[in-house]
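> pasting the structure only:
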């Protein structure tokens, strides 16, 4: 009798352990594997997906997203992915398409359920209205792909992600929606803080190295009057630099923002000629070690920019 | 579909002034204003969402459209609601005109052009299905003396030549495959350099290609002229692997990533061809097919340094020599190694690529089998955003006369005015087996038109 009850007890434990293991295995298996082209998309995906997805970015935050080496090690990540999120608008045209083809993963091919172009959710600026030629430099014919530096776009993209995650993992729809609402709330709270910090500097003029700042500038009512690059993707030329210095002097522009992957030589010479501050800002999450999520990206940049404006007063 | 979205967008915009009128009633208070602001923001969001869908539809390949439609379901009813009972009053111009994308699309493609027979789709929508078209011009000039001995395979470039005009046509065919065509126009003749379909949605991670393609034998054989870091190809390629055209044949290819320890990329490729490739393989009957196998291993050493190793094997038929024809077998064995360095924070300014390929050729012919060996080693360094320099050392026997060994060195300097053009100068010294030397200065201008797809790494 005692023996019987002990053995049935043992059986119960064994059954519990096995079912627990199975359940854990199932939970592990259904975790959505998301790969993103850039760190910003990964950061937004993580906000919405929480611990019910695994997410990794191919490019690093301090890397020029136009020129990423299509390494075979990326294929190892892509072949396992359930969802590939791209920035779109031809930002990744130079490196991502052959990786998608070679991945051998039918789920993430362009047009498949697991391919998501995040630009469809965001407000896109600089859409060329006339004919586009390469005389304009490496211009993006579908609009400016650096659109994530606007909290409103961040919210819109997160909403799009929540819907897509829910489609791919219907059992977690409520979880993703709840995460989205939570993100929305935290973003609204953070926005109050950012708006207040930026409010005194409405209409301020600045110059950026590449045209990667239009959405931020529009959102915070800043005025980007020129670029260190004469045309997108074309390195600075002496004649353009002289022109830019003249323009900055006339317009009393006191700030040059540079992306972390550009050489500082020309911006510094512009700075010394005009008295403008040269500031390396971060266009992407992960541009510096301490910037690990979407909120910290704005915290970091707004802190830099407000400080620069304040000291210019 | 597009019209519905446009109409919904317009109705949304029209509904803004009405809400604004309600807000201006005398008892409007701060709370009301906040609610209104929220409502305007929501409407703005929806206009942006609609703009995004419009862009997606306009730019998407036909294959993508059905897969995307389910997404629209969730958001259509509210848009319809907004339409119901709303009398459009005088439309005000919103901050962001929702039709910008449409205007751009139509203006960019010539508004007058209408393509019939597409169920009302506009000209821009029809063109969205066109393949990406690119043309790459490759102009070569050469100076200096190079009189090759009679048995040499290396031939000098003409003084000035429009060496190649490569037209690329690339598109996604359907949800299961994509197509790539590269048609190469010389000054006189036209050649299909590559033209193949790639099946991207096969089960178990297989990727298959069918058509004419450059075979996966080593590294240089896969490269088109315009992606080479040199004006010419290494002596080893010229002497053993078919020169500029290389092993480029009609057939099929299948590749798959293999399981490997973490962090190591391992890929196997198997190819079957008709058996006609320049002077390497010649098929005299149907069964004279050639095969190519390639195993590639890759590993990131650090985030900026990586190592790429490859082992290749090719087997096909040859028809002997002009003096003594016959049906024989040629076998090629190859090892390739590439070391790349590119610091991520300054990736557009500095980089280094070191390459080497070793090839052993085993060619049956009268009176005796020829076992030839050749290799090259090269290093290319990026000096600045627009400047590259490199050196290469060549050493190679000739496949038909394995006792004759040619040697050479080359140095290059390349300037990139933009991503889409490059100017290259190359000094080339060749020492022929017959004890004859050649000193040449080669000049190259490469220019690219249109949307040329990225090349595999």
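All right, it came through fine. Just so it is clear, the structure is predicted and the values come from calculations on it, not from any experiment.

> which stretches in the stretch 201-313 of chain A count as strands?
Taking DSSP state E, counting those that start in this stretch as the test, the strands found in the stretch 201-313 of chain A are A:205-208, A:223-227, A:255-258, A:277-280.

> is any part of the last one close to chain B?
No. Under the criterion of CB under 8 Å from any CB of the partner chain, strand A:277-280 makes no contact with chain B; the nearest approach is 10.6 Å. In this view, the C-beta of every residue, glycine as well, is placed from N, C-alpha and C.

> can you list contacts of that strand?
Contacts to strand A:277-280, defined as CB atoms under 8 Å, 6 or more residues apart in numbering or on different chains, come from residues A:254-260, A:264, A:267-268, A:270-271, A:304-305, A:308, A:311-312.

> give the partner strands of it in its sheet and their orientations.
For strand A:277-280, the paired strands and their directions (DSSP bridges) are strand A:255-258 (parallel).

> contacting residues around the partner strand?
Strand A:255-258 is contacted from outside by A:204-209, A:213, A:228, A:264, A:267, A:270-271, A:276-281, A:305, A:308-309, A:312, using CB under 8 Å, 6+ apart.

> now a PyMOL select for only the buried ones of these.
In PyMOL, this line selects whichever of the contacts of strand A:255-258 come out buried by 16 or more other CB atoms under 10 Å in any protein chain shown:
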select buried, chain A and resi 204+205+206+207+208+209+213+228+267+270+271+276+277+278+279+280+281+305+308+309+312
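
> show me the shaky parts of chain A.
Where chain A drops to pLDDT under 70, the residues are A:1-29, A:313.

> mind listing the helices for it?
Along chain A, counting by DSSP state H, helices occupy A:2-30, A:39-49, A:72-78, A:96-102, A:151-168, A:173-198, A:214-219, A:238-250, A:265-274, A:294-312.

> okay if I get the ones you listed as TSV plus distance to residue B:162?
As requested, the helices of chain A are exported to TSV (distance: least, CB to CB, whole Å):
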stretch	distance to residue B:162
helix A:2-30	57
helix A:39-49	43
helix A:72-78	35
helix A:96-102	28
helix A:151-168	47
helix A:173-198	56
helix A:214-219	41
helix A:238-250	32
helix A:265-274	37
helix A:294-312	49
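
> right, and the ones you listed - which one's nearest residue A:64?
Within the helices of chain A, the stretch nearest residue A:64 is helix A:39-49; the backing value is 12.8 Å (CB to CB).

> summarise which helices and strands the closest one is packed against.
The contact analysis (3 or more CB pairs under 8 Å, 6 or more residues apart in numbering or on different chains; DSSP states H and E) places helix A:39-49 against strand A:32-36, strand A:53-57, strand A:83-86, helix A:151-168, helix A:173-198, helix A:294-312.

> tilt between that helix and helix A:294-312?
Orientation of helix A:39-49 against helix A:294-312 (axes from the mean of the first three to the mean of the last three CA atoms, to 10 degrees) gives an angle of 130 degrees.

> can you state the direction angle for helix A:39-49 and helix A:151-168?
60 degrees.

> contact partners for residue 298?
Using chain A. Shown in contact with residue A:298 (CB under 8 Å, 6+ apart): A:151, A:190, A:194.

> my bad, the chain I had in mind was chain B
Residue B:298 makes contacts with A:71-73, B:264-267, B:306-309, as judged by CB under 8 Å, 6+ apart.

> neighbour-wise, give me the winner out of the residues you listed.
When neighbours are taken as other CB atoms under 10 Å in any protein chain shown, the top entry among these is residue A:72 (23 neighbours).

> just to revisit the earlier point, now, of the helices and strands packed on helix A:39-49, which is deepest in the fold?
With neighbours taken as mean count of other CB atoms under 10 Å in any protein chain shown, the helices and strands packed on helix A:39-49 reach their highest mean count in strand A:83-86, at a mean of 27.

> do that one and chain B meet?
No. Strand A:83-86 lies apart from chain B when judged by CB under 8 Å from any CB; the minimum separation is 12.3 Å.

> partners of that strand, with directions?
In the sheet, strand A:83-86 lines up against strand A:32-36 (parallel), strand A:115-117 (parallel) (DSSP bridges).

> next, count neighbours for residue 251.
Let's take chain A. Residue A:251, neighbours per other CB under 10 Å, totals 15.

> try chain B instead
Around residue B:251 there are 20 residues (other CB under 10 Å).

> looking at the contacts of residue B:298, which are in helices?
Checking these against DSSP H, those in helices are A:72-73.

> could I get the contacts of residue B:298 as a markdown table with distance to residue B:152?
What follows is the contacts of residue B:298, written out as a markdown table (distance: CB to CB, whole Å):
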| residue | distance to residue B:152 |
| --- | --- |
| A:71 | 39 |
| A:72 | 37 |
| A:73 | 42 |
| B:264 | 41 |
| B:265 | 39 |
| B:266 | 39 |
| B:267 | 36 |
| B:306 | 37 |
| B:307 | 34 |
| B:308 | 31 |
| B:309 | 31 |
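
> which member of the contacts of residue B:298 is positioned nearest residue B:211?
Checking these against residue B:211 with CB to CB, the nearest one is residue B:267 at 19.9 Å.

> show me what contacts the closest one?
Residues near residue B:267 by CB under 8 Å, 6+ apart: A:72, A:75, B:255-258, B:295-296, B:298.

> do that again at 7 Å, thanks
For residue B:267, the contacting residues are B:255-258, B:296, by CB atoms under 7 Å, 6 or more residues apart in numbering or on different chains.

> of those residues, buried ones?
Neighbour-count burial (16+ other CB under 10 Å) applied to these gives B:255-257, B:296.

> ok, those vs residue A:219, which is closest?
residue B:257 (42.2 Å).

> what pairs with the closest one across the strands?
residue B:267.

> contacts only, for it.
Neighbours of residue B:257 in contact, by CB under 7 Å, 6+ apart: A:75, A:79, A:104, B:205, B:265-267.

> so what's the closest residue to chain B within the stretch 151-300 of chain A closest to, chain neighbours aside?
Among the residues of the stretch 151-300 of chain A, residue A:235 lies nearest to chain B; the distance is 5.0 Å by CB to the nearest CB. Leaving aside its sequence neighbours, residue A:235 sits nearest to residue B:385 (CB to CB, 6 or more residues apart in numbering or on different chains; 5.0 Å).

> my guess is that neighbour contacts residue B:347. True?
No. Residue B:385 is not in contact with residue B:347 according to CB atoms under 7 Å; the separation is 10.4 Å.

> including distance to residue A:118, could the strands of the stretch 201-313 of chain A go into JSON lines?
Shown next, in JSON lines, are the strands of the stretch 201-313 of chain A (distance: least, CB to CB, whole Å):
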{"stretch": "strand A:205-208", "distance to residue A:118": "22"}
{"stretch": "strand A:223-227", "distance to residue A:118": "23"}
{"stretch": "strand A:255-258", "distance to residue A:118": "23"}
{"stretch": "strand A:277-280", "distance to residue A:118": "25"}
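
> right, and these - which one's nearest residue B:195?
For residue B:195, the closest of these is strand A:223-227, at 41.0 Å, according to CB to CB.

> adjacent strands (with direction) for that closest one?
By DSSP bridges, strand A:223-227 pairs with strand A:205-208 (parallel).

> neighbouring strands of the helix or strand hosting residue B:298 in the sheet, and parallel or not?
Using DSSP states H and E, residue B:298 sits in strand B:290-300. Strand pairing for strand B:290-300, determined by DSSP bridges: strand B:264-273 (antiparallel), strand B:305-320 (antiparallel).

> in TSV: those, plus distance to residue B:356 and mean pLDDT.
Converted to TSV, these look like this (distance: least, CB to CB, whole Å; pLDDT from 0 to 100):
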stretch	distance to residue B:356	mean pLDDT
strand B:264-273	19	96
strand B:305-320	10	95
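
> out of these, flag the one nearest residue B:223.
strand B:305-320 (13.2 Å).
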